[in-house]
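Asker: just coords:
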């Protein structure tokens, strides 16, 4: 789960990481009230989970109430790369002397936690990685031992952090590590981490991705369920516990297993189609799951054909076939379906489907032939 | 020959008394796997279809001489189960459990590396491995595999592993061992571990590798293949059309910025002399050509 900036700052605050005084606002009046309470100047920031907010006009400085009103009005409802702004974060503007970068994440290749620190903050860190990799200091942290203060001090020196900020940055990294570990985050990133003219070290932004698999030990995460920024199809899929990612094409896809689902997207693309979604119905592809999956896909007006690609291992293909038939009835589906089934009980599944075959229910022998058939139907535009 | 497991491998199932453990454990035994014991704390003395249950891995190992363990327990308990197996001297631990928190996985891996360097962990969140005709540990449907070699398969994805087995078996090309390393960010056994075992196995004469977007394991595999492998490798990478920044089902399958793209992985593999296919079917076809050329 990716947190919004304001949620990330709230999460940081739980772990004692200093952030600016601020609050969220969903209306212009609320934004002005927050600004008046915390005192000018304030920064008004669009809360969307997409980069490039500043360039899109989603971050503005306001020196007084009139400006706060003007900016809040212009930012609310703004479309930033397809994300509509419904919520603002209003915080007291900080004086900035220096901008740094700090993060913790899991380095898959090294199988260790990785801390990255740079004196070149405030810009796109990927750009720094490419243009000036030496400007980023790295520290691998063994999960058994955790962070060591002396190693952090060396890291801070190596990163070229100003001497006056050294203690503050080391303390910040210790807190950020606890937030990352105890908070079960996949990523915690502060960019920029700032040094103020009066010598304080402070998080001006917050990027936090939580590990969904650890949700069972974090009841407090329910606070972060705010979800109005997302894709309506994804919200529906999530409510049904489906593993779904919305895309822009016209072929709705259901497959069992993430790899096969990804591969189905690729093959549809290779034969001239375009996928409307990624949907992994997993190992429990029974009638209910199939009905839920078809309902989510059917809610997408762009979908002209549905491709079901199943390779039964644990999943029994006859269960899938019965599930599809039941689901069509339950959902009242009229969109054409192309089905490919292999693996456990596939012959039986084909037998079950045979009496129902028509130009709206098509059985294909292979993954590629099924993808071709689906792409043809989608491209003909017949719904 | 085969890698990691053969017809003599004695296996215990941690979680055999649970519904998943029972289903897959018995299925493995029906395939011919020597399933010698189950472990469930508090249920020692019971049995499942004639398989004795012990309270701890240490007791099960002492009684049976098992060297492999199949871990089928819920995410909260999986980390401890793996470490218990390692402490009892199990050499190969296969963990199919999905949704173990990443921090727990990282900690388990670090403990294994520091305290039990001789233990191999396959997974978590993997389909397991099968040496066709000999032994099957995990959730792979044994009937889609064809014994006799000469192809080794290594894959991050479960269902794509089945697809690869199917493509080869349909064409009459057998497999030595098929290893699913799993789609989690920190797999216990990685591509390079499996590739090097295939390289050392005289019966394996060619390898299919199935990767996916995210991380840099495929790039590391490409380096290994370039520098150390003499056997032909055919690869397929899933996720060419996956959008950046979105997890495609597996925790590890995510393109971050320009990092972890299918294209970069395919380029690295091609540069290392690997035959790169654009889909699983083509990977099967290319491997059939490779095998015919070997004969």
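Answerer: Looks like it came in fine. Keep in mind that what you see is a predicted model, and the values were worked out from it rather than measured.

Asker: just so I have it, where are all the strands in chain B?
Answerer: B:10-14, B:34-39, B:47-48, B:51-54, B:68-71, B:92-95, B:120-122, B:128-131, B:135-138, B:150-155, B:174-180, B:206-212, B:233-238, B:275-277 (DSSP state E).

Asker: Which one, of those strands, ends up nearest to residue A:205?
Answerer: Ranking those by distance to residue A:205, with C-beta to C-beta as the measure, places strand B:206-212 first at 30.9 Å. From N, CA and C alone the C-beta is placed, and that goes for glycine too.

Asker: mind checking which of the strands of chain B is nearest chain A?
Answerer: Closest to chain A of these is strand B:233-238 (C-beta to the nearest C-beta; 4.2 Å).

Asker: which residues touch the closest one?
Answerer: The contact list for strand B:233-238 (C-beta atoms under 8 Å, 6 or more residues apart in numbering or on different chains) reads A:259, A:262-263, A:266, B:157, B:160, B:164, B:195, B:206-213, B:218, B:225, B:262, B:265-266, B:269, B:273-280, B:282-283, B:286-287, B:290.

Asker: Just the buried ones out of those residues, please.
Answerer: Applying 16 or more other C-beta atoms under 10 Å in any protein chain shown to the contacts of strand B:233-238, the neighbour count classes A:259, A:262-263, A:266, B:157, B:160, B:164, B:195, B:206-213, B:218, B:225, B:262, B:265-266, B:269, B:274-277, B:279-280, B:282-283, B:286-287, B:290 as buried.

Asker: that older thread, kindly reformat the strands of chain B as JSON lines containing distance to residue A:93 and mean pLDDT.
Answerer: Output for those, formatted as JSON lines (distance: least, C-beta to C-beta, whole Å; pLDDT from 0 to 100):
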{"stretch": "strand B:10-14", "distance to residue A:93": "56", "mean pLDDT": "98"}
{"stretch": "strand B:34-39", "distance to residue A:93": "60", "mean pLDDT": "98"}
{"stretch": "strand B:47-48", "distance to residue A:93": "66", "mean pLDDT": "96"}
{"stretch": "strand B:51-54", "distance to residue A:93": "65", "mean pLDDT": "98"}
{"stretch": "strand B:68-71", "distance to residue A:93": "53", "mean pLDDT": "98"}
{"stretch": "strand B:92-95", "distance to residue A:93": "50", "mean pLDDT": "98"}
{"stretch": "strand B:120-122", "distance to residue A:93": "50", "mean pLDDT": "97"}
{"stretch": "strand B:128-131", "distance to residue A:93": "56", "mean pLDDT": "96"}
{"stretch": "strand B:135-138", "distance to residue A:93": "56", "mean pLDDT": "96"}
{"stretch": "strand B:150-155", "distance to residue A:93": "52", "mean pLDDT": "97"}
{"stretch": "strand B:174-180", "distance to residue A:93": "53", "mean pLDDT": "97"}
{"stretch": "strand B:206-212", "distance to residue A:93": "44", "mean pLDDT": "96"}
{"stretch": "strand B:233-238", "distance to residue A:93": "46", "mean pLDDT": "97"}
{"stretch": "strand B:275-277", "distance to residue A:93": "52", "mean pLDDT": "98"}
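
Asker: Find the centremost residue of chain B, please.
Answerer: residue B:180 (2.8 Å; C-alpha atoms, centre = their mean).

Asker: okay, the strands of chain B in a markdown table with distance to residue A:369 next?
Answerer: Below are those laid out as a markdown table (distance: least, C-beta to C-beta, whole Å):
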| stretch | distance to residue A:369 |
| --- | --- |
| strand B:10-14 | 39 |
| strand B:34-39 | 39 |
| strand B:47-48 | 42 |
| strand B:51-54 | 43 |
| strand B:68-71 | 36 |
| strand B:92-95 | 35 |
| strand B:120-122 | 34 |
| strand B:128-131 | 27 |
| strand B:135-138 | 30 |
| strand B:150-155 | 23 |
| strand B:174-180 | 25 |
| strand B:206-212 | 21 |
| strand B:233-238 | 18 |
| strand B:275-277 | 17 |
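
Asker: Mind naming the longest helix for chain A?
Answerer: The helix that spans the most residues within chain A, counting by DSSP state H, is helix A:166-182.

Asker: Same question for that helix: list its buried residues.
Answerer: A:168-181.

Asker: Isn't residue B:89 up against residue B:61?
Answerer: Yes - between residue B:89 and residue B:61 there is a contact under C-beta atoms under 8 Å: 6.1 Å.

Asker: Tell me the spacing between residue A:18 and chain B.
Answerer: Residue A:18 sits 24 Å away from chain B, going by C-beta to the nearest C-beta, to the nearest Å.

Asker: residue contacts, that residue?
Answerer: So residue A:18 contacts A:172, A:200-203 (C-beta under 8 Å, 6+ apart).

Asker: how about it, phi and psi?
Answerer: Backbone torsions of residue A:18, given as degrees, to the nearest 10, read phi -70, psi 130.

Asker: How about residue B:202?
Answerer: The phi and psi torsions at residue B:202 (degrees, to the nearest 10) take the values phi -60, psi -30.

Asker: do residue A:201 as well
Answerer: Backbone torsions of residue A:201, given as degrees, to the nearest 10, read phi -110, psi 140.

Asker: residues in contact with it?
Answerer: By C-beta under 8 Å, 6+ apart, the residues touching residue A:201 are A:18, A:165, A:168-169, A:171-172, A:193-195.

Asker: Disregarding flanking residues, what is the spatial nearest neighbour of it?
Answerer: Counting by C-beta to C-beta, 6 or more residues apart in numbering or on different chains, residue A:201 lies nearest to residue A:168, which is 3.2 Å off, once chain neighbours are set aside.

Asker: How many residues are close by residue B:243?
Answerer: Residue B:243 sits with 14 neighbouring residues when counted by other C-beta atoms under 10 Å in any protein chain shown.

Asker: which residues touch it?
Answerer: Residues in contact with residue B:243 (C-beta under 8 Å, 6+ apart) are A:245, A:247, B:255.

Asker: closest to residue A:367 among those?
Answerer: residue A:247 (18.5 Å).

Asker: quick one on the thing from earlier: past the longest helix of chain A, which element shows up next along the chain?
Answerer: Using DSSP states H and E, the helix or strand that follows helix A:166-182 in sequence is strand A:185-195.

Asker: Can you give the distance from that following strand to the centre of its chain?
Answerer: Strand A:185-195 sits 17 Å away from the centroid of its parent chain (C-alpha atoms, centre = their mean, to the nearest Å).

Asker: What count of nearby residues applies to residue 223?
Answerer: Going with chain A. So residue A:223, with other C-beta under 10 Å, has 11 neighbours.

Asker: Can you look at chain B instead?
Answerer: When neighbours are defined as other C-beta under 10 Å, residue B:223 has 14 of them.

Asker: mind listing what it touches?
Answerer: Contacts of residue B:223 by C-beta under 8 Å, 6+ apart are B:268, B:272.

Asker: what's the distance between it and residue A:376?
Answerer: Per C-beta to C-beta, to the nearest Å, residue B:223 is found 41 Å from residue A:376.

Asker: now residue A:44
Answerer: For residue A:44, the distance to residue A:376 - C-beta to C-beta - is 50 Å.

Asker: pretty sure the residue nearest to residue A:201 is touching residue A:200, no?
Answerer: Yes - between residue A:168 and residue A:200 there is a contact at 6.7 Å, judged by C-beta under 8 Å.

Asker: Can you check which residues contact both of these two?
Answerer: Between them, residue A:168 and residue A:200 share no contacting residue, judged by C-beta under 8 Å, 6+ apart.
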